[in-house]
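Enquirer: Turn this into a structure:
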Amino acid sequence: MSPRPFTLGPALLFCPADRPDRYAKAAERADAVILDLEDGVDPAARADARRAVREHPLDPARTIVRVNPVGTADHQRDLDALADTAYRVLMLPKADGRYVGPLLRPDGGPYAIVALCETAAGVLAAPALAARPDVVALAWGAEDLVASLGGTSSRRADGGYRDVARHARSAVLLAAGAADKVAIDAVHLDLEDLDGVRAEAEDAVAVGFAATLCVHPSHAAAVRSAYAPSPDQVARARAVLAAAGGSSAGVPPSGSGAVRVDGQMVDAPLLRHAETVLARAEGAVSGGR
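Expert: Numbers count the residues shown, from 1 in each chain. You can find the predicted model right below:
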């Protein structure tokens with residue numbers, strides 16, 4: 001049986017797996033929790049982290065487990081620890097062409113994989129990863145990417161991404177979109193920069209990312225706010241669809257290639273934009289926490 005489509009988000013909050021005291025708070029603040037067995041845990045504490053994941057279960061429908069990379073001893077230990085849990089979605093870090101999977105559960109079904117493209121090899125492998133049936137989403141990361149290139153910083157002094165990081169972000173988004181898979185935007189590491197978090201999330205949703213990774217509960221709130229359409233955006237979307245005769249299929253009224261709304265030409269792509277805005281608004285209301 002193939003993994004179900006990825007519908008979590010928009011705020012996906014990392015939580016160190018060796019801190020079960022933080023599990024419930026993370027689940028309250030975000031749309032889904034990523035229990036981190038990799039970079040968020042001191043290697044010496046990973047055995048304790050695996051034990052905590054087993055002994056303090058969260059809702060598996062709203063939980064992802066980040067395991068260690070394929071080819072490491074910790075990767076297999078992670079899978080062994082998860083074998084009799086209810087978790088079904090794994091984040092695979094440093095995913096690249098070496099991932100030949102699928103990663104199978106004890107019942108023989110494949111885990112749903114969020115492939116984290118965070119190295120040069122991973123970004124180049126993004127189209128192949130997105131095409132895999134067990135991969136339900138692609139994510140990307142800037143810091144490991146720059147480290148894999150021998151660099152020292154993914155951002156400029158003004159806080160914006162350097163060109164190579166912007167390229168990787170776009171490459172992963174395009175690879176996911178071409179395969180009809182979800183794309184997830186990277187974390188913002190400056191814990192106090194909520195304006196930066198919100199600005200990047202607003203850009204992410206504008207270009208088609210479905211979710212954003214977060215490292216702090218306050219970031220999750222900022223991301224959720226950014227992904228929710230504003231009242232003005234909702235009103236505009238409704239006006240556009242009304243002018244198109246209430247289209248729900250992304251096409252203008254019969255006999256017309258476009259319609260005019262407040263002095264702007266609106267054709268099929270802009271109708272689809274409007275439908276996406278209303279779908280996001282509905283999701284923000286029905287899924288709000």
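Enquirer: got the contact list for whichever strand or helix holds residue 203?
Expert: Here residue 203 sits within helix 194-207, counting by DSSP states H and E. With contacts defined as C-beta atoms under 8 Å, 6 or more residues apart in numbering, helix 194-207 is touched by 10, 159, 173, 185, 188, 190, 212, 214, 218-219, 222-223, 225-227, 280. For glycine as for every other residue, the C-beta is placed from the backbone atoms N, C-alpha and C.
Enquirer: What subset of those residues is buried?
Expert: Burial by neighbour count, 16 or more other C-beta atoms under 10 Å: within the contacts of helix 194-207 this picks out 10, 173, 185, 188, 212, 214, 219, 222-223, 225-227, 280.
Enquirer: Secondary structure class of the spatially closest residue to residue 42 that is not a sequence neighbour, three-state.
Expert: Closest residue to residue 42 apart from its sequence neighbours, by C-beta to C-beta, 6 or more residues apart in numbering: residue 18 at 7.6 Å. Taken by DSSP: H, G, I helix; E, B strand; the rest coil, the conformation at residue 18 corresponds to coil.
Enquirer: quick one on the thing from earlier: what is the nearest of the contacts of helix 194-207 to residue 43?
Expert: residue 214 (23.5 Å; C-beta to C-beta).
Enquirer: Below-threshold pLDDT in the protein: ranges please.
Expert: Within the chain, the stretches with pLDDT under 70 are 1-4, 230, 232, 234, 237, 245-267, 270, 278, 283-289.
Enquirer: now the helices for it?
Expert: 23-29, 46-55, 73-82, 120-124, 126-131, 142-148, 163-178, 194-207, 217-227, 231-243, 268-286 (DSSP state H).
Enquirer: Comparing those, which comes out most buried?
Expert: Ranked by mean neighbour count, the helices of the chain are led by helix 217-227 with a mean of 22 (mean count of other C-beta atoms under 10 Å).
Enquirer: So which residues make contact with that helix?
Expert: Residues outside helix 217-227 that contact it (C-beta under 8 Å, 6+ apart) are 9-11, 13, 25-26, 29-31, 187-188, 191, 194, 197-199, 201-202, 204-205, 212, 214, 280, 284, 288.
Enquirer: coming back round to it: return the backbone torsion pair for the residue nearest to residue 42.
Expert: The phi and psi values for residue 18, taken as degrees, to the nearest 10, are phi -90, psi 10.
Enquirer: What separation do you get for it and residue 88?
Expert: Residue 18 is 22 Å from residue 88, where distance means C-beta to C-beta, to the nearest Å.
Enquirer: So between the two, which is more surrounded?
Expert: Between residue 18 and residue 88, counted using other C-beta atoms under 10 Å, the more crowded position is residue 18 (23 against 18).
Enquirer: give me every residue that touches that one.
Expert: By C-beta under 8 Å, 6+ apart, residue 18 lies in contact with 41-42, 45-46, 48-49, 52.
Enquirer: TSV please, covering these and showing distance to residue 122.
Expert: Converted to TSV, these look like this (distance: C-beta to C-beta, whole Å):
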residue	distance to residue 122
41	21
42	24
45	26
46	22
48	28
49	24
52	28
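Enquirer: quick one, what contacts the residue nearest to the spatial centre of the chain?
Expert: Central residue of the chain (C-alpha atoms, centre = their mean): residue 184, 2.6 Å from the mean position. Residue 184 makes contacts with 9, 12, 114, 137-140, 209-213, as judged by C-beta under 8 Å, 6+ apart.
Enquirer: 10 Å instead, please
Expert: Neighbour list for residue 184: 6, 8-10, 12, 91, 114-116, 137-140, 172-173, 176, 204, 209-213 [criterion: C-beta atoms under 10 Å, 6 or more residues apart in numbering].
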